[in-house]
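Student: need a structure here:
(one chain, ligands or ions: 1)
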Amino acid sequence: MTRLRRGNRDLIKEINRNLVLNLIKSRGPISRTDIARLSSLSLATVSGITADFIASGLVHELGEGESTGGRRPMLLRLNYQAGFVVGVKLMEQTITSALTDLDASVLHHRATPLTTATGTEPSVVIRAIIQAVENTISEAGVDRARVLGIGIGMAGVVDGEAGICRYSPFFGWRDVPIAEPVAAHFGLPVYLENDVNTLTIAEQWFGYGHGVDHFVVVTVGRGVGAGIVVNGQFYRGALGGAGELGHITLQENGPPCDCGKRGCLEALTSDPAMVRQARVAITLRERTVVAEAEPLTLEAIVAAAEAGDELARRLLGDAGHWLGIGIAHLVNILNPQMVIVGGEGVRAGEWRFGPMREAIHEHAFDGLADELEIIIEPSGDETWARGAACVVLGEIFKPPVDRKEAIDLMAAMV
Ligand SMILES: [Zn+2]
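Tutor: This is a model prediction of the structure:
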C-alpha cells in the first residue's frame, strides 16, 4: 500500500466515525465488541471513536449487556436529545415548522400564517421564515446551542446544492437565494429542498424506505409529485426536476392544469381537482349532499362518501383510479420494490386508495406489481416540516463519501 496522503487519512477517520455512528444508530444498544465485529474496525479504533462521542454527549453508556464469558460489556446507544434540528415547509399562506430530535421525533410544531401573493418580495417571506424558526425554537424550550441546522422545503424547482429557488410558480420567483440569508441570521447550516424531495429523504433515513434500494414516494394533496430512490441513491435528474409525476399527460384534451397544459394527472386527481369536479356536478344538478357543504373541501367529500353519497364515492374513486394509472407508469419505468403514498390528500382514505391499488395492478406490466409493497403513510400537519428537518438529519448521518467516491478512494490506496 502506498502511503496515504494526509487528506485521505482525515477522510478515512471521518468514514470510520460515520460507520460507528450509524451502527450505534441502527443497532444500538450495542457493545464496542459488536461494533468492531460489524464494522471490521479494531476494538482500539472503535473505543477511541466512541470515547469522543461519549465526551461530546452524542452517545450514552447504557448498562451492561449479555456476557459471553468474562466481563459483561457496556452497551452504547445514541443520545437522541444531544442535538435538535428545525424543519420548515413554506406554503403560500402558511409556514409550518417543527423541531425534532436526532431520531426525527417532533418535539414541537407550529403553523404561522403568511400573507403573500404572486410577486411578493422574497425578503418579506425570508423574514417570516426566520421569525417562524425563532418562535419554534423558543416555544420548544431547547438549548439554542444544541440546534444543529435548519431544513426548508418548498414547491417548485429547487437547486438544493446552491440553496436557491430556481422557479416558484406561485410566488413568481426565479433564482431567489433562500438558504443563505437564513443561514446568515442563525449562523447554522441551512438546506433548501423541493418539498416532495424532503419527504423522500425522510423516508430514506427514518421511514419505510430505510434500507430499501428502489422506492418511490408519491405525494397527493394540493398537487401530485414523486421522489425517486434508485440503487439506494436519491435521483434528482439533470436539472433537479425528476419526479414531476403530476404533469404526465393522461387525457390529451382533458381539464386544464395549473402548469398551463391540459389533461395532466394532477388536473384529474389532486384535491383541488376533485373539488372542481364536485362543483361542476352540483351545477349540473346532480343529487349530492356535497352541495350543502360550506366550504366545499376534500373533508366534506370524504364525509359525504362515508354517509353513502354516490357522487362523492365516484369522485374519490375516479381520482384514485387516475392516480393508480400514473403510479403504474412509474412502476413500469423504474420497477420499484415499494411505493409510499403521502401528503395531505392521504386523509381521503380507502375511498381513494382502494381504486388506486386496483389500477396499479391492472396497468403495471406483467409481474412488476406482484411483489410491490404499497404503503399509505399517515399524514399530519407537521409531516412536511418533519420531512424538511430530516434533510438536515440526513446530512448529519450521511457518509462523508458516496459509494462511487469510496471505490475511487480505495482504488487510489492500493
Ligand atoms: Zn400539469
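
Student: what parts of the chain come near the ion?
Tutor: By the rule C-beta under 5 Å from the ion, the part of the chain lying against the ion is His247, Cys257, Cys259, Lys261, Cys264. In short, each C-beta sits where N, CA and C put it, glycine included.

Student: and the gap between the second one and Ala226?
Tutor: Separation of Cys257 from Ala226 (C-beta to C-beta, to the nearest Å): 16 Å.

Student: let me see the contact set for the residue nearest to Asn22 when sequence neighbours are not counted.
Tutor: Nearest non-adjacent residue to Asn22, counting by C-beta to C-beta, 6 or more residues apart in numbering: Phe397, 6.0 Å away. Applying C-beta atoms under 8 Å, 6 or more residues apart in numbering to Phe397 gives the contacts Asn18, Leu21, Asn22, Lys25, Trp205.

Student: take those residues and keep only those in helices.
Tutor: Secondary structure from DSSP state H places Asn18, Leu21, Asn22, Lys25, Trp205 of those in helices.

Student: ok, of those residues, which come out buried?
Tutor: Asn18, Leu21, Lys25, Trp205 (16 or more other C-beta atoms under 10 Å).

Student: how about those residues in CSV, adding pLDDT and distance to Arg314?
Tutor: Formatted as CSV, those follow (pLDDT from 0 to 100; distance: C-beta to C-beta, whole Å):
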residue, pLDDT, distance to Arg314
Asn18, 91, 52
Leu21, 93, 52
Lys25, 89, 47
Trp205, 83, 39
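
Student: of the residues you listed, just say which sits nearest to Ile178.
Tutor: Set against Ile178, the nearest of these by C-beta to C-beta is Trp205 (22.3 Å).

Student: so Val401 touches Ile12, yeah?
Tutor: No: look at Val401 against Ile12 with C-beta atoms under 8 Å: they stay out of range, at 9.8 Å.

Student: need the contact list for the nearest residue to Pro256 once chain neighbours are set aside.
Tutor: With sequence-adjacent residues excluded and distances taken as C-beta to C-beta, 6+ apart, Pro256 is closest to Arg262, at 5.5 Å. By C-beta under 8 Å, 6+ apart, the residues touching Arg262 are Thr249, Gln251, Glu252, Asn253, Gly254, Pro255, Pro256.

Student: burial of the third one, as a residue count?
Tutor: Yep, that's Glu252 we're talking about. 8 (other C-beta atoms under 10 Å).

Student: give me the pLDDT for it.
Tutor: Glu252 is assigned a pLDDT of 94 by the prediction.

Student: you'd agree it is up against Lys261?
Tutor: No: the pair Glu252 / Lys261 is not scored as a contact, 9.8 Å apart, by C-beta under 8 Å.

Student: so where is the stretch 101-250 of the chain shaky, pLDDT-wise?
Tutor: Applying pLDDT under 70 to the stretch 101-250 of the chain flags no residue at all.

Student: if we take the residues of the chain next to the ion, which one ends up nearest to Val216?
Tutor: His247 (15.8 Å).

Student: rewinding a little: okay if I get the contacts of Arg262 as TSV plus secondary structure?
Tutor: Converted to TSV, these look like this (DSSP: H, G, I helix; E, B strand; the rest coil):
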residue	secondary structure
Thr249	strand
Gln251	coil
Glu252	coil
Asn253	coil
Gly254	coil
Pro255	coil
Pro256	strand
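
Student: buried ones among those?
Tutor: The buried subset of these - by 16+ other C-beta under 10 Å - is Gly254.

Student: distance of Glu395 from the ion?
Tutor: 32 Å (C-beta to the ion, to the nearest Å).
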